[in-house]
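In: Okay, here's the prediction I keep looking at, along with the sequence it came from:
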Amino acid sequence: MIRNLNQVTFQGFGTVPPERSQSAKGFDRSTASTLPLSQTEAVVFRADSDTWLTNGTGSSVLSVSLDGQQYQDYYLDKPVCVKSGVYFCVSPFLGPASARMSCAQAPAPVGKRSADSQRVHHQLQVDALYTFFYHEKEQGFLFPGESHPMAELTYVDQGALHSVADGQDLLLKQGDLVIYGPGQWHMQYADIGVAPRFVTLSFTTQGADLVPLLNRKFSAPQKVVSLLQTMLQEQERMDAYSGDIILSQLNLLLLMLMREITAPTGGKLQTANSVHSENEIIRQAQQFISSHIREKLSVPLVARQVDVSPSYLTALFHKNLQISPGEYIRRIKLQESKQMIRENNLNFTEIAAELQYSTVHHFSRQFKEKFGITPTEYAKSVR
């Protein structure tokens with residue numbers, strides 16, 4: 001990535017005169033030579049003495065390195081002095097360009113570097129999203145299995161789900177996710193008495209290999225859960241930009257998981273313990289809400305169960321899930337009501353009472369606001 005050229009960012013490689021200075025002492029324009037720049041590869045030099053460089057025609061990029069391996073790239077829009085011993089090269093920014101060089105001893109070429117290397121390219125990119133489903137399954141459901149050319153991600157939102165692939169049976173609980181590779185056969189099932197709710201996405205990627213992520217259980221960090229929440233919200237909204245937002249969020253989700261499993265232990269931030277603590281508080285709160293969803297719930301009650309104040313719990317939910325705990329409780333109750341409607345054991349008044357709604361009218365109104373149809377209309381669609 002091309003950086004701004006100034007004395008602070010260039011520290012260690014040389015000096016950059018103050019911009020208020022109209023001239024750079026040491027840069028002799030009369031003896032400066034012209035460096036023609038190639039669009040495909042840049043000649044690498046090692047400075048044998050302090051070497052002054054400035055842009056000539058067009059726009060150019062200065063790349064510098066202390067070891068000849070790792071380079072920093074700068075937009076060459078002012079004179080700069082590269083100190084002795086530093087490796088450097090200049091390449092066009094966009095279109096034809098040249099640069100000017102002045103030094104006591106002309107450096108000899110020591111190699112070449114791609115002129116495109118200073119640009120940022122995708123390490124991993126989601127090409128396309130094919131399916132994006134929110135499943136609300138009956139108790140003890142069984143999916144007999146399939147394989148397809150796309151990769152697939154499964155995230156458990158409520159309950160628990162068995163994931164079987166390559167002879168391995170992983171039990172995914174609330175907040176867990178798994179990724180299957182292209183062409184990898186997989187099946188899913190729930191235990192008797194368990195009615196899971198989960199998200200599945202099928203997609204294709206290019207760039208970095210997904211193999212390190214495949215068929216392993218992740219306890220999704222709250223940032224990942226937040227991305228999935230945003231994707232679900234965009235799927236409901238589905239305007240002209242929702243598809244792009246969902247693709248970019250999925251791309252970020254995969255990169256975060258890849259970083260989690262490839263980053264060296266010593267490179268973790270010092271705040272890792274506090275982040276883990278926050279994740280654990282939210283996870284415990286979600287699990288308590290899920291297991292007591294048919295009881296009368298409140299934010300203070302949930303906060304007491306996870307041993308934090310209501311204001312702190314609210315702050316954590318807003319920070320990580322972009323909703324309040326009260327809104328989260330409401331959403332989970334409404335999801336539970338859909339399961340109860342499908343089971344067809346209770347009428348709407350009984351369902352409202354079971355979920356602690358004040359009246360059936362209050363329940364029906366919230367159901368319509370959330371799902372866009374009435375409980376009656378939903379019941380007709382699933383029976």
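Out: On my side now, so go ahead. Residues are numbered from 1 along each chain as shown.
In: OK, contacts around residue 288?
Out: Applying C-beta atoms under 8 Å, 6 or more residues apart in numbering, we find residue 288 in contact with 302, 305, 306. Every residue, glycine included, has its C-beta placed from N, CA and C.
In: hang on, it is in a helix, isn't it?
Out: Yes. Judged by DSSP: H, G, I helix; E, B strand; the rest coil, residue 288 forms part of a helix.
In: which residues of the stretch 201-350 of the chain score low on pLDDT?
Out: Flagging of the stretch 201-350 of the chain using pLDDT under 70 yields the residue ranges 263-276.
In: which residues in it form strands?
Out: All strands of the stretch 201-350 of the chain, identified by DSSP state E, counting those that start in this stretch, fall at 218-219.
In: Can you tell me which residue is spatially central in this protein?
Out: With the centre of the chain defined as its mean C-alpha position, the nearest residue by C-alpha atoms, centre = their mean is residue 252, 2.3 Å away.
In: Against residue 246, how distant is it?
Out: Distance from residue 252 to residue 246, counting by C-beta to C-beta, to the nearest Å: 11 Å.
In: same deal with residue 231?
Out: 5 Å.
In: residues bridging contact with those two, i.e. touching both?
Out: Common neighbours of residue 231 and residue 246, counting by C-beta under 8 Å, 6+ apart, are residue 132.
In: Show which residues not belonging to stretch 91-98 make contact with it.
Out: With C-beta under 8 Å, 6+ apart as the criterion, stretch 91-98 contacts 2, 34-39, 42, 55-61, 63, 75, 113, 115, 118.
In: my bad, should have said stretch 110-123
Out: Contacts with stretch 110-123, where a contact means C-beta under 8 Å, 6+ apart, come from 1-2, 37-46, 61, 63, 68, 71, 73, 87, 89, 91-92, 206-208, 255.
In: For it, C-alpha coordinates in CSV please.
Out: Presented in CSV, the C-alpha positions along stretch 110-123 are these (Å, rounded to 0.1, in the frame of the first residue of the first chain):
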residue,chain,number,x,y,z
VAL,A,110,21.2,-5.0,-7.5
GLY,A,111,18.0,-6.5,-8.9
LYS,A,112,14.5,-5.8,-10.1
ARG,A,113,11.0,-5.6,-8.5
SER,A,114,7.6,-5.8,-10.0
ALA,A,115,6.2,-2.3,-10.6
ASP,A,116,2.8,-3.6,-9.5
SER,A,117,4.0,-4.9,-6.1
GLN,A,118,3.2,-1.7,-4.1
ARG,A,119,-0.5,-2.1,-4.8
VAL,A,120,-2.8,-4.0,-2.3
HIS,A,121,-4.3,-7.1,-3.7
HIS,A,122,-6.9,-9.5,-2.3
GLN,A,123,-5.4,-12.4,-0.4
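In: Check the offset of it from the chain's centre.
Out: In terms of C-alpha atoms, centre = their mean, to the nearest Å, the centre of stretch 110-123 is set 25 Å apart from its chain centre.
In: what about the helices in the protein?
Out: For the chain, the helices defined by DSSP state H occupy 222-237, 242-262, 272-291, 299-305, 310-321, 325-343, 348-354, 360-371, 375-382.
In: residues of the third one that come out buried?
Out: Read that as helix 272-291. Within helix 272-291, the residues that count as buried by 16 or more other C-beta atoms under 10 Å are 278, 279, 281, 282, 283, 285, 286, 287, 288, 289, 290.
In: Looks like the fourth one contacts residue 222 (just checking).
Out: Spelled out, it's residue 282. Yes. Contact criterion C-beta atoms under 8 Å: residue 282 and residue 222 qualify, at 5.6 Å.
In: contacting residues for residue 306?
Out: Applying C-beta under 8 Å, 6+ apart, we find residue 306 in contact with 281, 284, 285, 288, 313.
In: can you put those in JSON lines and add distance to residue 148?
Out: Listed next are the contacts of residue 306 as JSON lines, based on distance: C-beta to C-beta, whole Å:
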{"residue": "281", "distance to residue 148": "38"}
{"residue": "284", "distance to residue 148": "36"}
{"residue": "285", "distance to residue 148": "36"}
{"residue": "288", "distance to residue 148": "37"}
{"residue": "313", "distance to residue 148": "41"}
